[in-house]
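Participant: build me a model:
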Amino acid sequence: MRIGRPLILQGLPIVRAVTSKPPVRPRKAYAADWRHFSAWCRRSGLSPLPPQPQTVGLYITACASGSAVGTATRGMKANAVSTIERRLASLSWNYAQRGLALDRKDRHIATVLSGIRKSHAKPPVQKEAVLADDIIAMIATLDRGTLRGLRDRAMLLIGYAGGLRRSEIVGLDLKADQTDDGRGWIEILDQGMLVTLRGKTGWREVEIGRGSSDATCPVVAVETWIRFAKLVHGPLFRRVTGQGKAVGPDRLNDREVARLVKRAAMAAGVRGDLSEIERAMKFSGHSLRAGLASSAEVDERYVQKQLGHVSAEMTRRYQRRRDRFRINLTKAAGL
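Facilitator: Sure, this is the predicted structure:
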């Protein structure tokens with residue numbers, strides 16, 4: 001059960017409860033991780049059930065050691081620490097669905113995971129931020145005379161102006177509570193667009209104001225897409241079918257946003273100083289969030305709120321080209 005937005009009745013706040021299923025993508029990831037673990041257990045002559053901390057400890061060791069010798073790890077690719085932690089979370093969830101519990105604090109798991117973190121942890125790989133000039137160049141490469149071009153234009157602009165994750169972009173509906181798998185909805189107002197999102201830490205609202213020009217305004221881009229796609233209900237961003245002449249009912253996969261950012265950045269010549277291979281690795285859906293954080297010349301608190309970050313430190317990680325010494329505490333302290 002999730003909690004929706006508060007309603008006001010006779011001065012008293014009433015919260016409406018709406019049932020919803022877990023997001024589709026996590027369910028698929030949990031299932032894939034369980035298959036991965038079960039296959040490793042079969043190769044190792046072990047059983048995935050009931051949960052055994054010793055077995056799980058050996059499994060995450062194998063995940064972290066792609067070069068290990070033996071049938072238990074043959075063909076396995078060494079996993080990053082973040083992937084191993086995700087696999088552990090998936091195992092816990094899968095066991096819980098079976099009425100079982102995995103003790104992740106058991107020394108066979110906790111000690112091994114601590115060692116993996118110390119030995120294999122690396123600084124996070126940050127994607128390139130696309131700034132305002134980059135976005136303008138990127139949308140100029142899109143064909144405004146096609147439905148696909150109008151859709152892609154709206155996704156790039158709303159993703160950049162709202163600092164949205166790729167899953168949040170494709171998870172939007174036209175209105176509240178229209179689909180089971182939606183992650184939020186939009187409300188178009190005179191001064192801009194209000195985006196209501198269900199995020200990692202609960203519900204949040206993102207305000208996207210109208211731009212200084214219709215050519216680069218995210219709200220106008222979304223309005224244009226809705227009008228020409230003739231959308232009245234359901235997902236906001238959908239597949240374009242029939243050789244680009246029709247709009248299907250299905251919601252876009254979030255990977256399409258990453259591909260769009262990469263494709264448009266390459267076509268616009270963003271970071272043309274790099275080789276084609278290097279450029280292809282620099283851009284992803286997160287480039288939009290990083291672009292807003294790096295470009296917006298406003299108080300950091302407003303950027304933090306827009307991105308939905310709990311801490312200012314997390315927001316600073318997204319600011320790729322900020323002036324780190326704009327506020328000089330040394331001088332402020334009298335030195």
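Participant: where do the strands sit along the stretch 201-335 of the chain?
Facilitator: Secondary structure of the stretch 201-335 of the chain (DSSP state E, counting those that start in this stretch): strands located at 202-209, 238-241, 246-251.
Participant: which strands and helices sit next to the shortest one?
Facilitator: Think strand 238-241. helix 147-162, strand 246-251 (3 or more C-beta pairs under 8 Å, 6 or more residues apart in numbering; DSSP states H and E). (Each C-beta comes from the backbone N, C-alpha and C, glycine too.)
Participant: out of those, the one nearest Arg35 is which?
Facilitator: With C-beta to C-beta, the closest approach to Arg35 among these belongs to strand 246-251: 24.6 Å.
Participant: quickly run through the sheet partners of the closest one, with directions.
Facilitator: Strand 246-251 has its sheet partners listed here by DSSP bridges as strand 238-241 (antiparallel).
Participant: any weak-confidence spans in this protein?
Facilitator: The model of the chain has pLDDT under 70 over residues 1-26, 66-77, 121-126, 199-201, 286, 291-335.
Participant: at the geometric centre of it, which residue sits there?
Facilitator: Nearest to the geometric centre of the chain sits Arg165, at 3.9 Å (C-alpha atoms, centre = their mean).
Participant: is that residue in contact with Ser287, as I believe?
Facilitator: No: look at Arg165 against Ser287 with C-beta atoms under 8 Å: they stay out of range, at 11.6 Å.
Participant: Ser119: neighbour count?
Facilitator: The tally of other residues near Ser119 (other C-beta atoms under 10 Å) stands at 10.
Participant: could you chop this structure up by domain?
Facilitator: Annotated domains of the chain cover 24-120, 132-318 [automatic domain parsing].
Participant: now Lys230: how far from Thr141?
Facilitator: Using C-beta to C-beta, to the nearest Å, one gets 25 Å for the distance from Lys230 to Thr141.
Participant: buried ones in stretch 258-271, by neighbour count?
Facilitator: 258, 260-266, 268, 270-271 (16 or more other C-beta atoms under 10 Å).
Participant: among the domains of the chain, which is the most enclosed?
Facilitator: Neighbour counts (mean count of other C-beta atoms under 10 Å) averaged over each of the domains of the chain peak at domain 132-318, with a mean of 18.
Participant: tell me how far that domain lies from the chain's centre.
Facilitator: In terms of C-alpha atoms, centre = their mean, to the nearest Å, the centre of domain 132-318 is set 11 Å apart from its chain centre.
Participant: now the helices: where do they sit in the stretch 151-300 of the chain?
Facilitator: Secondary structure of the stretch 151-300 of the chain (DSSP state H, counting those that start in this stretch): helices at 166-170, 218-229, 255-268, 276-282, 286-295, 300-307.
Participant: make CSV from those and add distance to Thr111 to it.
Facilitator: Converted to CSV, those look like this (distance: least, C-beta to C-beta, whole Å):
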stretch, distance to Thr111
helix 166-170, 34
helix 218-229, 49
helix 255-268, 36
helix 276-282, 35
helix 286-295, 33
helix 300-307, 35
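Participant: which of those helices sits closest to Arg104?
Facilitator: That would be, of those and by C-beta to C-beta, helix 166-170, which comes in at 25.8 Å.
Participant: give me the residues contacting that closest one.
Facilitator: Residues from elsewhere that reach helix 166-170 (C-beta atoms under 8 Å, 6 or more residues apart in numbering): 23, 25, 155, 158-159, 162, 183-184, 197, 199, 235, 237, 251-258, 284-286, 288.
Participant: distance to Trp34 added to the strands of the stretch 201-335 of the chain, as TSV?
Facilitator: Output for the strands of the stretch 201-335 of the chain, formatted as TSV (distance: least, C-beta to C-beta, whole Å):
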stretch	distance to Trp34
strand 202-209	28
strand 238-241	29
strand 246-251	25
